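Enquirer: Here's a sequence, model it:
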Amino acid sequence: MHSLSTCTQTADEIAKLKAMVEIFKHPKDLAIKIATDLRINGQQIIQEVSAGVDDYHQAHFYEAGYDMGEAVAKTVLGGTKMPNTFNDNVASILKGTTEAFGANFPQADILTCVAKVEEHWIQDLAANVELILGGIYDASIYWFVVGIAAVFQDIGNMALGLPYCLKNWNTSSWDYQGYNKALQVSKDPTHYFKVLTNDVLIGGFSILKDGKAAASAFIAKDYETFGKKFGAIMKLVENVKQDENLFLY
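Expert: I've put the predicted structure just below:
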């Protein structure tokens with residue numbers, strides 16, 4: 001039998017394990033700690049749990065156990081966070097998109113539903129917003145479509161896991177099903193575009209005005225307004241018929 005002092009793991013990992021053991025010695029305190037962390041950090045273990053499930057189904061049992069252990073450690077001990085700037089910007093964008101569907105969640109609640117904030121998200125969006133503006137100012141519908149499609153995909157990546165998380169809180173006051181459908185569209189958005197010579201339609205409605213407004217808000221770093229305006233574009237998906245052949249450019 002080996003003690004922790006003879007274990008070959010790193011000192012940080014041993015310290016983490018010892019702290020977890022101490023917490024589990026007091027079930028009442030553990031329950032309070034978990035209740036608190038599920039609200040603060042609970043939704044931030046989605047990535048570890050998802051990886052663990054994937055590893056399990058692939059019979060990678062050691063990796064599955066490690067991933068689940070990381071999730072438990074985050075829940076019990078708390079995890080690290082990205083700088084607030086990135087967190088707040090992403091949360092503002094997603095808050096805006098949900099408001100277009102009638103939601104009114106606090107920004108802090110939105111953030112707890114984001115599995116992992118990636119630093120490159122805002123940079124990726126910035127590049128794709130430039131495509132939208134370039135398409136407008138150069139009268140190039142092609143580049144406008146490319147930019148809108150790319151932003152659709154960017155929002156889809158940001159919001160991964162968001163509908164399921166928000167569904168557990170409240171779906172009676174907003175169009176959860178419509179938002180979820182719009183995020184599914186982000187995987188192949190051009191299928192829902194009807195591209196004309198000087199316009200782009202979704203469900204029969206032009207998206208040029210909202211596309212320009214969204215891009216302008218992003219440039220002004222008004223991320224919530226950007227989310228609202230792009231959310232208005234996303235919401236038009238519900239007007240598209242399933243059998244309609246749209247991409248005509």
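Enquirer: packing partners for the helix or strand harbouring Gly231?
Expert: With elements taken from DSSP states H and E, the one containing Gly231 is helix 223-235. Applying 3 or more C-beta pairs under 8 Å, 6 or more residues apart in numbering; DSSP states H and E, we find helix 223-235 packed against helix 84-99, helix 141-158, helix 176-185, helix 208-219. All C-beta atoms are positioned from the backbone trio N, CA, C, and that covers glycine.
Enquirer: So in that sheet, which strands flank the helix or strand that the third one is followed by, and in what orientation?
Expert: In other words, helix 176-185. Next along the chain after helix 176-185, taking DSSP H and E as the criterion, comes strand 194-195. Next to strand 194-195 in the sheet, as set by DSSP bridges, lie strand 200-202 (antiparallel).
Enquirer: Now do the residue nearest to Val185 when sequence neighbours are not counted, the pLDDT please.
Expert: Counting by C-beta to C-beta, 6 or more residues apart in numbering, Val185 lies nearest to Val237, which is 5.0 Å off, once chain neighbours are set aside. Confidence at Val237, expressed as pLDDT, is 89.
Enquirer: Val237 touches Tyr192, doesn't it?
Expert: Yes. Using C-beta atoms under 8 Å, Val237 makes contact with Tyr192 at a distance of 5.7 Å.
Enquirer: shared neighbours of the two, which are they?
Expert: Val185, Ile202, Gly203 (C-beta atoms under 8 Å, 6 or more residues apart in numbering).
Enquirer: Relative to Glu119, which of the helices and strands packed on helix 223-235 is closest?
Expert: Of all the helices and strands packed on helix 223-235, helix 84-99 sits nearest to Glu119, with 5.8 Å by C-beta to C-beta.
Enquirer: Which SSE is immediately downstream of the closest one?
Expert: helix 107-112.
Enquirer: in that next one, what counts as buried?
Expert: Asp109, Ile110, Leu111, Thr112 (16 or more other C-beta atoms under 10 Å).
Enquirer: Report the rounded mean pLDDT for that helix.
Expert: 80.
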